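A.B. asks: no sequence on this one, just coordinates:
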């Protein structure tokens, strides 16, 4: 980028404005965590999600950005370039939260992109390329599993109707919730799904809180994200038989809870990792009829398995079903893979730009992989992609106690502004 | 009883009328089981429960029975005796069902009591003592735990406001649901809670399906129930910490699901019983936030533990909390006992009357204990109490596949009619 522009641009990023916007967003679905922390529960495709989108659109329109949505509900705010026909630089993240989530995961990446673009406007920095701020639909997968539906469909990783029949906890289908939202947002111009006119974006940059303890522990400001570990999600369904808890002899039962305990115990063995790099999580369980004196007829539970090494991800992930079948005694078993994202490496064009911006601004940075998956994962095949991390207090995330300071977040937005300015000139 | 009366009375019990009434009741909350069986989901204190109560009242009023309710919503239909001042004989059961329950558990005992009393009317058999048909509130404990609230309060086993703060799966308080029902049934005469004028009933008889396989396996018609095994219910709450499934190292997590697996595995050891007499069941699990990529912060699970030997019930039940505390690694533990019913033995006056009636009617009967608990358990300290079992196909219960034939149920009602006639003369 033009080095004479950077000081103006960096000064135009407002720590207070960005923080105020995050706090305004945090009111939409505000909850209180067990420790009293102020968290957020803003499910994708909910009325709260739509309120957040309208709030964002209003902020964008106030500085002349043009909103549009696509068939998956991905929301774009376009800052025009001096050469509007060039492929745009995309920057953003997501606005949905976990059921008991924090105030920064996802939403900061969207608000930071707006802050960066607003700084470009205020510093009167014109860019050759357009910049599009994007808010991807359903990154979290908290209401409808899996996550990253919006970015997967945009990138052509999966057809857009893949998840229509997925239901939330109340039995509402994703396809129906999406249709309702598109109808309620019919006033927002609709664009075709995917890269405009089939031309890939010039680059994609996502700012995000680290969701891990490394930057804080090392006293750093910026993470130059080098890639994302791979993730595989499975749904396990065990089918037994209900019976009376007082009369049915234990020896004759087909108890789905007991088979779940056997399955998880065996999976703990499969997933044991003395290096503590592997991530294996069972975090969602549904029992039916879920009555204390009726033996469980069915249990559904999820598996979230991640590893940075594709070989480990393949080998152990492929062994999950056989491990479960070898462990259960009395129930029918169905294992369905719901999400499979290979590990990715980010582009040197973007990691280089992040490193340059951090250095130019005198910020302490390091290169690091991402343990969490992000929408950026699916942009990698499309265009040069990268991410910018800022510190998370105690590494806590997916929790109301999630916290990054106004200052830490402003530093991230300043780096993002400079990265966007550079990429949009390229 | 007067042996000249029995043939008339027995002939007046209508197999078809009783079956038709059961099938009419089964429409109120009809569901279809996984195998296509027609089941019932009729939670206590629901609109469906109230429809069932109105249906029963209508049938009773058509033969001159007088309805009344008490502060717990227990419903009575009184058949007057020739000496109205005498303590009545009580007969009945409950009308609520499990969430995925059958068409006979509970409701048959109420319909059979009505059938027996209607047969007394039609056979013109007057009784010295009044007979009161009773439908106890919330025997199942499926919506509000524990079960048997109505009979426990009637018998003075627990104060009537004990369960006011218990909530169902939607957060509705038992006290509020009860208040709503009492308001909606304000037209039904209210009686004081418990034995009328402080005088215990003369006897209590409950007809019920066996909910086990013994009568069917041995080709018998009638179970002369000698007593009920003891039950203890516990709620276990594990408090960990939520975290991001992709970033939080497994070694540092406080994962409530993993501690639940450890706890259940340890409890399986505590509850091991080579004789297969002990019943240990974990059948209700609630995880929060229950999102596949957020490590579980809390898990609540229930324990249903039963045994016919009070010493075993005390010793192993009292060891539950220490067993759990010894097994969990990272979570806070709270164990609350929600229900404690000691084993009971039924009175020879009633078991004798059941045996005499079965023999007089040429039915094949055996003495047997009950594995399930029943409202009868709480009547034992009040008055001579007993139960009549009929066969359950394959012993299946708490399941839409629960089934007893019209003929089997009619045999049970005929024995009940003769037992009531004998006891109401005593």
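C.D. replies: Thanks, I have the structure now. Just so you know, these numbers come straight off a predicted model, no measurement behind them.

A.B. asks: When you work out contacts or count neighbours from here on, use the C-alpha atoms and nothing else.
C.D. replies: Fine.

A.B. asks: Helix, strand or coil: sort out the residue of the stretch 1-150 of chain A found nearest chain B for me.
C.D. replies: Relative to chain B, the nearest point of the stretch 1-150 of chain A is residue A:142 (5.5 Å; Cα to the nearest Cα). On the three-state scheme (DSSP: H, G, I helix; E, B strand; the rest coil), residue A:142 is labelled coil.

A.B. asks: Could you double-check that it sits in contact with residue B:292?
C.D. replies: Yes - when contacts are counted by Cα atoms under 8 Å, residue A:142 is listed as touching residue B:292 (7.1 Å).

A.B. asks: quick one, what contacts residue A:413?
C.D. replies: A:13, A:112, A:113, A:115, A:116, A:207 (Cα atoms under 8 Å, 6 or more residues apart in numbering or on different chains).

A.B. asks: So which of these reach chain B?
C.D. replies: With the criterion set as Cα under 8 Å from any Cα of the partner chain, no member of those is near chain B.

A.B. asks: Including secondary structure and distance to residue B:229, could the residues you listed go into TSV?
C.D. replies: As requested, the contacts of residue A:413 are arranged in TSV below (DSSP: H, G, I helix; E, B strand; the rest coil; distance: Cα to Cα, whole Å):
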residue	secondary structure	distance to residue B:229
A:13	coil	72
A:112	helix	65
A:113	helix	66
A:115	helix	69
A:116	helix	71
A:207	strand	62
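
A.B. asks: export those to JSON lines and tack on neighbour count and pLDDT?
C.D. replies: Below are the contacts of residue A:413 laid out as JSON lines (neighbours: other Cα atoms under 10 Å in any protein chain shown; pLDDT from 0 to 100):
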{"residue": "A:13", "neighbour count": "25", "pLDDT": "97"}
{"residue": "A:112", "neighbour count": "31", "pLDDT": "98"}
{"residue": "A:113", "neighbour count": "29", "pLDDT": "98"}
{"residue": "A:115", "neighbour count": "27", "pLDDT": "98"}
{"residue": "A:116", "neighbour count": "31", "pLDDT": "98"}
{"residue": "A:207", "neighbour count": "30", "pLDDT": "98"}
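
A.B. asks: of these, closest to residue B:36?
C.D. replies: Nearest to residue B:36 among the contacts of residue A:413, counting by Cα to Cα, is residue A:207 at 52.1 Å.

A.B. asks: how many other residues sit next to the closest residue to residue A:418 other than its chain neighbours?
C.D. replies: Computed as Cα to Cα, 6 or more residues apart in numbering or on different chains, the closest residue to residue A:418 that is not its neighbour in sequence is residue A:357, at 6.0 Å. Using other Cα atoms under 10 Å in any protein chain shown, residue A:357 has 21 neighbouring residues.

A.B. asks: Please tell me how far residue A:357 sits from residue B:241.
C.D. replies: According to Cα to Cα, to the nearest Å, residue A:357 stands 36 Å off from residue B:241.

A.B. asks: List the contacts of the closest residue to residue A:284 other than its chain neighbours.
C.D. replies: Distances taken as Cα to Cα, 6+ apart place residue B:290 nearest to residue A:284, at 4.3 Å, with adjacent residues excluded. Residue B:290 makes contact with A:283, A:284, A:285, B:296, according to Cα under 8 Å, 6+ apart.

A.B. asks: Closest to residue B:36 out of the residues you listed?
C.D. replies: Of those, the one sitting nearest to residue B:36 (Cα to Cα) turns out to be residue A:285, at 25.1 Å.

A.B. asks: Identify the residues contacting that closest one.
C.D. replies: A:299, A:300, A:301, A:302, B:285, B:286, B:287, B:290.

A.B. asks: that older thread, list the residues that contact the residue of the stretch 1-150 of chain A closest to chain B.
C.D. replies: With Cα under 8 Å, 6+ apart, residue A:142 has these contacts: A:43, A:97, A:98, A:99, B:291, B:292, B:293.

A.B. asks: From the residues you listed, keep the buried residues only.
C.D. replies: Buried subset of these (neighbour count, 16 or more other Cα atoms under 10 Å in any protein chain shown): A:43, A:97, A:98, A:99, B:291, B:292, B:293.

A.B. asks: so where is chain A shaky, pLDDT-wise?
C.D. replies: A:1-6, A:196-197 (pLDDT under 70).

A.B. asks: So which residues of it form helices?
C.D. replies: A:6-12, A:15-26, A:47-61, A:107-122, A:149-154, A:174-184, A:214-218, A:256-270, A:310-318, A:320-327, A:348-360, A:376-379, A:406-423 (DSSP state H).

A.B. asks: Can you get me the start-to-end distance on stretch A:65-72?
C.D. replies: 21 Å.

A.B. asks: what about it, distance to the chain center?
C.D. replies: Mean-position distance between stretch A:65-72 and its chain equals 19 Å (Cα atoms, centre = their mean, to the nearest Å).

A.B. asks: For it, buried residues please.
C.D. replies: For stretch A:65-72, burial by neighbour count (16+ other Cα under 10 Å) applies to A:65, A:66, A:67, A:68, A:69, A:70, A:71, A:72.

A.B. asks: again with stretch A:403-419
C.D. replies: A:403-404, A:406, A:408-419.

A.B. asks: mind listing what residue A:257 touches?
C.D. replies: Counted by Cα under 8 Å, 6+ apart, residue A:257 has contacts A:287, A:296, A:298, A:299, B:282, B:283.

A.B. asks: redo that, cut-off 10 Å
C.D. replies: A:238-240, A:263, A:285-288, A:290, A:295-300, A:331, B:261, B:264, B:281-285 (Cα atoms under 10 Å, 6 or more residues apart in numbering or on different chains).

A.B. asks: can you pull out the strands in the stretch 151-300 of chain A?
C.D. replies: Ranges of strands in the stretch 151-300 of chain A, per DSSP state E, counting those that start in this stretch, are A:203-209, A:222-228, A:230-239, A:279-281, A:285-288, A:298-307.

A.B. asks: I am finished for the moment; much appreciated.
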